[in-house]
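Student: This is the structure alone, sequence omitted:
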């Protein structure tokens, strides 16, 4: 998707990125089912040459990007070499933050760029960073990641990786041709409970995996107050013009790794999707804004709640839900069912066949509340135990810091990254596929095989100590 000033509303973070009309997510059958070889090499398990000093540029340093910048700058063996944002105040504020926290000369020569939506391209050409962190509006993720790789940098991109399957294929192909990492930064995979459940699944605690439930239920109507700048100024247009599950990866990423999807054991096959009527955003706008306000001029067409059912190659099932409109408590569900028990979230619960020794007598009762401490003591992921103290002050309860630490660690040691480009593409593909299924009254949609069959030879993610 090209970046053109005329296609964007002015003044959103990093780009004038609020599309007056988000492009409908469409693709031809060849883009869904197969793609000609990229001419590059497969990136599953790819380990790039070691970077003893990781030189990073940041595109988009508002709330999310600013958090990444702060934690990265505090890690040993890192150097911030450039900061780019549409807004001068964002750049100068984050530049000052880095200068204040630096205890040596590592971050002493930071190039800054702002004021034009294409300044990030100039930055890539002038600075030539090792890696680029991208935290901008969704429509810019693909072009920025692709150009970063073409300019010789590894790309680390906020969720989703891209909003169309066509763009996802181009990201995959570019990564293969350039031999550069492109990781979607799905931070929830680094949450304490998600890491523990991954550890438990790997140890066979709940037996053979059968089914999972994933969601992003997060009432975010208040973002509509960000009318000219900030997330709401561009995201609101997606609610109006988009289709299907617009934000699938926070819930789906962890359960996909529990199941080893796209890694040797199993892979995504197809999905069916339905959605509710689109009522909540329209009613919210009518209640809170004048009749002639721009939010009341939008035709909110995407359903308030989207529900998809995914079938894997092995016949496992995953229910995925999305709702950022309806009034209800936050949840990602995070449930995985096996032949010997179930693990669930929100609230965190564990049930095992035969019960949990000293706590429950059988699987008809959940281990929850204070009793969960015994589960954590036994199954806490070693990565969490190693990094919790130094990352707990980062965003989202520490998961952001663990993710950034692991990115830097993998680059410095020349290790494969924890989430490869194909996983990011598959998890993000749910948006377009769910939209097409909804438009076709629940007709099944086939997942693209971004790995071109190579997932069968891709080792599962290890329990990293």
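Tutor: That came in fine, so what should we check first? Here the structure is a predicted model, which is why all the values come from computation and not from measurement. Residues are numbered from 1 along each chain as shown.

Student: ok, residue 178 to residue 326 distance?
Tutor: Distance, residue 178 to residue 326, using C-beta to C-beta, to the nearest Å: 42 Å. For the C-beta atoms, the positions are set from N, CA and C on the backbone; glycine is no exception.

Student: who's more crowded, these two?
Tutor: Under the criterion of other C-beta atoms under 10 Å, the comparison of residue 178 against residue 326 puts residue 178 first, with 21 against 14.

Student: Can you tell me how far that one is from residue 404?
Tutor: Shown here: residue 178 relative to residue 404, a distance of 23 Å by C-beta to C-beta.

Student: Please apply the same query to residue 336.
Tutor: 26 Å.

Student: same deal with residue 140?
Tutor: Taking C-beta to C-beta, one finds residue 140 at 21 Å from residue 404.

Student: swap in residue 442?
Tutor: Noted for residue 442: a distance of 39 Å to residue 404, by C-beta to C-beta.

Student: who has more neighbours, these two?
Tutor: Neighbours around residue 442 and residue 404, counted as other C-beta under 10 Å, are more numerous at residue 404. The numbers are 28 against 15.

Student: Is the more buried one part of a helix or strand, or is it coil?
Tutor: Judged by DSSP: H, G, I helix; E, B strand; the rest coil, the three-state class of residue 404 is helix.

Student: where does it sit relative to residue 187, distance-wise?
Tutor: Noted for residue 404: a distance of 9 Å to residue 187, by C-beta to C-beta.

Student: repeat for residue 460
Tutor: For residue 460 relative to residue 187 (C-beta to C-beta), the value is 20 Å.

Student: do residue 38 as well
Tutor: Distance, residue 38 to residue 187, by C-beta to C-beta: 28 Å.

Student: ok, then the element right after the helix ranked longest in the chain?
Tutor: Assignment by DSSP state H gives helix 421-439 as the longest helix of the chain. Once helix 421-439 ends, the next helix or strand along the chain (criterion: DSSP states H and E) is strand 445-446.

Student: same for that following strand, what does it pack against?
Tutor: Applying 3 or more C-beta pairs under 8 Å, 6 or more residues apart in numbering; DSSP states H and E, we find strand 445-446 packed against helix 29-33, strand 268-275, helix 421-439.

Student: Throw these into CSV and include mean pLDDT, distance to residue 226 and mean neighbour count, thanks.
Tutor: Formatted as CSV, the helices and strands packed on strand 445-446 follow (pLDDT from 0 to 100; distance: least, C-beta to C-beta, whole Å; neighbours: other C-beta atoms under 10 Å):
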stretch, mean pLDDT, distance to residue 226, mean neighbour count
helix 29-33, 44, 33, 13
strand 268-275, 98, 25, 21
helix 421-439, 98, 22, 26
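
Student: Going by contacts, tell me the helices and strands next to the helix or strand harbouring residue 210.
Tutor: Using DSSP H and E, residue 210 sits in strand 209-217. Contacts defined by 3+ C-beta pairs under 8 Å, 6+ apart place strand 209-217 against helix 249-258, strand 317-323, strand 335-338.

Student: The same query, at a cut-off of 10 Å, please.
Tutor: Counting contacts by 3 or more C-beta pairs under 10 Å, 6 or more residues apart in numbering; DSSP states H and E, strand 209-217 packs against helix 249-258, strand 306-312, strand 317-323, strand 335-338, strand 341-344.

Student: Direction included, what does the helix or strand following the last one pair against?
Tutor: It refers to strand 341-344. Per DSSP H and E, strand 341-344 leads on to strand 349-352 as the next helix or strand towards the C-terminus. Strand pairing for strand 349-352, using DSSP bridges, gives strand 341-344 (antiparallel), strand 367-368 (antiparallel).

Student: And strand 349-352, how far out from the chain middle?
Tutor: 27 Å (C-alpha atoms, centre = their mean, to the nearest Å).

Student: average pLDDT across that strand?
Tutor: Averaging pLDDT along strand 349-352 gives 98.

Student: Contacts for it, please.
Tutor: 196-197, 200, 205-207, 335, 337-338, 340-344, 356, 359-360, 362-369, 371-372, 374-375, 379 (C-beta atoms under 10 Å, 6 or more residues apart in numbering).

Student: Flag every buried residue along it.
Tutor: Buried positions in strand 349-352, judged by neighbour count with 16 or more other C-beta atoms under 10 Å: 349, 350, 351, 352.

Student: Check the nearest residue to the second one once chain neighbours are set aside and give its pLDDT.
Tutor: Spelled out, that is residue 350. Take residue 350 and drop its neighbours on the chain: the residue closest to it by C-beta to C-beta, 6 or more residues apart in numbering is residue 367, 4.4 Å away. Confidence at residue 367, expressed as pLDDT, is 98.
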